[in-house]
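1. Any chance you could fold what I've pasted below:
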Amino acid sequence: MGKTALLVMDYQAGIIPRIALPADHLQRLAKTIDTARSHVKIIFVTLAFRPGHPEVSASNVSFSTAAQNNLFVSGSPETQIDPTIAPKEGDILIEKKRVSAFTGSGLDVVLRGLGVETLVLAGISTGGIVLSTVCEAADKDFKIVVLKDLCADGDEDLHTILMSKIFSKRGEVLEAEKWLQRLDA
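-> Residues are numbered from 1 along each chain as shown. Just a heads-up that it's a prediction; the model follows:
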């Protein structure tokens, strides 16, 4: 179990409504998490800042609006993980400060402490946290599996191109069910 971690990224109240997810998406993600839990470490990654947003420069295009509107403060409603996939005892919660799951979060230290070598990724959005995390994870020499049916993006063409042309060059791209079958093998 110590060699693989499932990263469940940005499935939080302030981000989920921004993308039109298939009706059964969260239920499929919950099934994947629950099935995988006895085989791999489950790590939830959310976007959250300290009060006053000291991590956000006014020049940061991605997060300056959040700072101006006092959004995504740690513990606020928009940082809460969707109850359909609520973390359970033993799961790890990570708060990131930028697009990548690694930036400002301590994720790398946690993964190294756990002896993780392979990252399995599910997240919103494919062109945001998934892309940034895949690139950084590859640079950090992690093996990567992207669960293509448990990633979503507002731009379906971008999602498809990233899965077929970018992520497949840095690791494996699989349907969640196929990955789960490997766990039982």
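2. quick one: strands adjacent to the longest strand along the chain?
-> The residue-count maximum for a strand in the chain (DSSP state E) belongs to strand 143-152. Note on strand 143-152: by DSSP bridges, its sheet partners are strand 118-124 (parallel), strand 172-174 (parallel).
3. just for the chain, where's the confidence low?
-> By pLDDT under 70, the low-scoring segments of the chain are 1-2, 185.
4. mind putting the strands paired with strand 143-152 in TSV, mean neighbour count and distance to Val109 included?
-> Backbone N, C-alpha and C define where each C-beta goes, glycine included. Formatted as TSV, these follow (neighbours: other C-beta atoms under 10 Å; distance: least, C-beta to C-beta, whole Å):
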stretch	mean neighbour count	distance to Val109
strand 118-124	24	14
strand 172-174	18	25
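5. Which SSE is immediately downstream of the longest strand of the chain?
-> helix 156-161 (DSSP states H and E).
6. Pull out the buried residues from that following helix.
-> Buried residues in helix 156-161, counted by 16 or more other C-beta atoms under 10 Å: His159.
7. what do you get for stretch 84-93?
-> Under the neighbour-count criterion of 16+ other C-beta under 10 Å, stretch 84-93 has 85, 91-92 buried.
8. Ala67: which of the residues you listed is nearest?
-> Ala67 lies nearest to Ile92 out of the buried residues of stretch 84-93, by C-beta to C-beta, at 26.3 Å.
9. Contacts only, for that closest one.
-> 41-44, 110 (C-beta atoms under 8 Å, 6 or more residues apart in numbering).
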